[in-house]
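# below are the sequence and a predicted model for it; my questions follow.
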Amino acid sequence: MRSVVIGGGLLGTAHALAAVRRGHEVVQLERESSARGATVRDSGLVRVSGCASTDLEAALLARQLWEEIGGRVPGVGFRPTGSLTVIRTDAELAVAEAAAADADARSRGLELLEPEAVRTLTPALRGKFLAGLHCSTDSVIEPRRALPALRASLTATGRYTFHAGAEARAVTDTGSGARVLDDHGRVFDADLVLHCPGATHTGLTRELAGVLPLHRVRAQMMQTATLGEPLTTAVADGDSFRYHPGFAGPAVDALIAEQSQTAVAAEHTMQLLCVQRLHGGLTIGRTHESAEPFPFDVDEAPYDHLTQVTEELLGRKLPRVLRRWAYVRSHGADPSAPVTRIRASANVWVLTGAGHLATTLGPLLGEETADLLGL
């Protein structure tokens with residue numbers, strides 16, 4: 001079978017990976033020189049810790065797939081770092097204690113650590129805190145390196161072709177298959193077309209599937225120069241408890257009622273997530289904005305907040321900030337559905353809306369679609 005995948009982000013590449021792994025041929029089109037959306041701008045955290053209980057089995061399976069992919073394609077940069085959510089108040093401690101005592105805690109790899117155990121696990125954390133919630137199953141990939149590495153691996157099979165700078169303009173179902181026309185006038189005939197547009201809900205996406213039950217979220221991030229020492233786990237702050245469904249419950253309700261965020265953190269719906277890259281620098285985020293239209297520029301106040309919190313946890317000044325950026329990701333309206341799959345016609349599908357779980361679940365979503373379509 002021959003497939004055309006439209007979109008060069010993680011979701012599109014994951015679907016190409018699943019199809020090629022099953023012996024099929026894939027042509028992938030990306031309108032930019034390479035993917036430039038949420039995939040490459042996110043932290044690269046493969047998150048099990050904060051996913052909802054309904055997503056836990058999928059997250060663990062996806063994490064296993066990432067580890068297998070990382071073993072075959074070292075350039076992906078998979079590392080089983082785990083994560084630490086650093087606890088600084090009694091209200092946050094109550095949430096961490098509830099999470100560590102939950103029935104899913106063992107599956108998630110959750111353990112509540114005393115301060116000295118936290119510092120033994122992650123010596124770079126020299127600030128003041130009460131405890132740390134460790135998740136041994138959380139992992140990281142290198143978001144800027146993963147896709148080129150995966151494409152190179154796919155190309156080596158001889159069953160995959162990647163066309164950069166190729167924007168799909170029209171998709172026609174031919175009855176026995178489908179045909180894609182790009183902006184170079186080239187025609188690609190296939191048995192199946194998978195359109196993975198990321199956060200682009202208009203244009204070809206709307207032509208194929210109409211107005212989808214999706215919304216978009218914008219986030220701000222930054223990157224520092226090398227830290228000069230290892231940050232052996234990903235690091236989050238207690239504000240993370242507010243925004244991840246895996247922690248929902250009475251203790252989080254009490255945290256929200258009793259402990260206000262700073263004005264900046266509340267205005268921008270913020271949490272800290274800090275991940276060290278292979279080059280030694282830190283990727284730090286993030287804000288969550290959902291009211292469109294999104295501004296074209298980024299606010300400085302959230303970066304000041306992220307810097308302050310990170311420095312308090314590390315007990316030292318941050319290295320120089322080298323880059324700041326924003327990105328937009330697509331979320332489905334149904335929280336129980338990890339991705340929005342729309343059958344636009346007999347041989348054409350539209351897939352998007354994986355939201356904050358896109359990095360975590362990407363490889364699994366590709367495999368699930370392949371199973372669904374009988375590839």
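Cool, the structure landed. All values reported here derive from a predicted model rather than from experimental measurement.

# wait, Gln220 sits on His305?
No - contact criterion C-beta atoms under 8 Å: Gln220 and His305 do not qualify, at 10.4 Å. Yep, even glycine has a C-beta here, placed from its N, CA and C like the rest.

# give me the common contacts of those two.
His268 (C-beta atoms under 8 Å, 6 or more residues apart in numbering).

# which residues in the protein form helices?
In the chain, the helices defined using DSSP state H lie at 10-21, 38-41, 53-72, 90-101, 105-108, 115-121, 143-155, 204-209, 250-258, 263-267, 301-314, 358-372.

# want to throw these into CSV with mean neighbour count, distance to Glu289 and mean pLDDT?
Shown next, in CSV, are these (neighbours: other C-beta atoms under 10 Å; distance: least, C-beta to C-beta, whole Å; pLDDT from 0 to 100):
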stretch, mean neighbour count, distance to Glu289, mean pLDDT
helix 10-21, 26, 21, 97
helix 38-41, 24, 14, 88
helix 53-72, 17, 23, 96
helix 90-101, 19, 24, 97
helix 105-108, 16, 28, 96
helix 115-121, 15, 31, 98
helix 143-155, 20, 20, 97
helix 204-209, 19, 21, 96
helix 250-258, 14, 19, 97
helix 263-267, 15, 10, 96
helix 301-314, 19, 10, 97
helix 358-372, 23, 17, 96
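
# so which of those helices is nearest Ala236?
helix 301-314 (9.6 Å; C-beta to C-beta).

# now Pro250: closest residue in space, sequence neighbours ignored.
Ala98 (7.6 Å; C-beta to C-beta, 6 or more residues apart in numbering).

# typed the wrong thing, it's Leu372
Leu372 sits nearest to Arg341 (C-beta to C-beta, 6+ apart), 7.5 Å away.

# what's across from that neighbour in the sheet?
Beta-bridge partners recorded for Arg341 (DSSP bridges): Leu351.

# a markdown table for the helices of the chain, including distance to His163?
What follows is the helices of the chain, written out as a markdown table (distance: least, C-beta to C-beta, whole Å):
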| stretch | distance to His163 |
| --- | --- |
| helix 10-21 | 12 |
| helix 38-41 | 18 |
| helix 53-72 | 23 |
| helix 90-101 | 45 |
| helix 105-108 | 40 |
| helix 115-121 | 45 |
| helix 143-155 | 11 |
| helix 204-209 | 15 |
| helix 250-258 | 46 |
| helix 263-267 | 42 |
| helix 301-314 | 37 |
| helix 358-372 | 19 |
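
# which stretch among those comes nearest Asp189?
Of all these, helix 10-21 comes closest under C-beta to C-beta, at 15.8 Å.

# gap between that closest one and the chain center?
Relative to the chain's own centre, helix 10-21 is displaced by 16 Å; criterion: C-alpha atoms, centre = their mean, to the nearest Å.

# tell me what that helix is packed against?
Judged by 3 or more C-beta pairs under 8 Å, 6 or more residues apart in numbering; DSSP states H and E, helix 10-21 is in contact with strand 2-6, strand 25-30, helix 143-155, strand 348-352, helix 358-372.

# what packs against the fourth one?
Going back to what we said before, that points to strand 348-352. helix 10-21, strand 192-195, helix 204-209, strand 340-345, helix 358-372.

# rebuild these as JSON lines, extending it with distance to Glu32.
Putting those into JSON lines (distance: least, C-beta to C-beta, whole Å) gives the following:
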{"stretch": "helix 10-21", "distance to Glu32": "12"}
{"stretch": "strand 192-195", "distance to Glu32": "16"}
{"stretch": "helix 204-209", "distance to Glu32": "15"}
{"stretch": "strand 340-345", "distance to Glu32": "22"}
{"stretch": "helix 358-372", "distance to Glu32": "17"}
